[in-house]
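Enquirer: Quick one, fold the following:
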Amino acid sequence: MPNANAAVPALLRRLEGNGLEITGLRVTQPSLDDVFLKYTGRRIREEAADQPIIMGW
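Expert: Modelled structure (predicted):
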């Protein structure tokens, strides 16, 4: 969610108004690995992180 700080309070009020009890909530920033996974569909492998990228030109 692009602007969770503005949306979360209203969402919580609406859920509680409908009788749902919220017992926890966590808002985090995406990591570089999260962004990489979203755009490539793959995870960054730590064991390969220190190796050079070989391009097959």
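Enquirer: So which elements touch the lengthiest helix in the chain?
Expert: The residue-count maximum for a helix in the chain (DSSP state H) belongs to helix 4-17. If you count contacts as 3 or more C-beta pairs under 8 Å, 6 or more residues apart in numbering; DSSP states H and E, helix 4-17 packs onto no helix or strand. The C-beta positions use only the backbone N, C-alpha and C, and glycine is treated the same way.
Enquirer: so for the very next helix or strand once past it, what's the average pLDDT?
Expert: Per DSSP states H and E, the first helix or strand lying C-terminal to helix 4-17 is helix 32-40. The average of the pLDDT scores along helix 32-40 is 86.
Enquirer: Could you check how far helix 32-40 is from the centre of its chain?
Expert: 9 Å (C-alpha atoms, centre = their mean, to the nearest Å).
Enquirer: same question, stretch 26-42
Expert: So, by C-alpha atoms, centre = their mean, the centroid of stretch 26-42 is 5 Å from its chain's centroid.
Enquirer: Cool, thanks, talk later.
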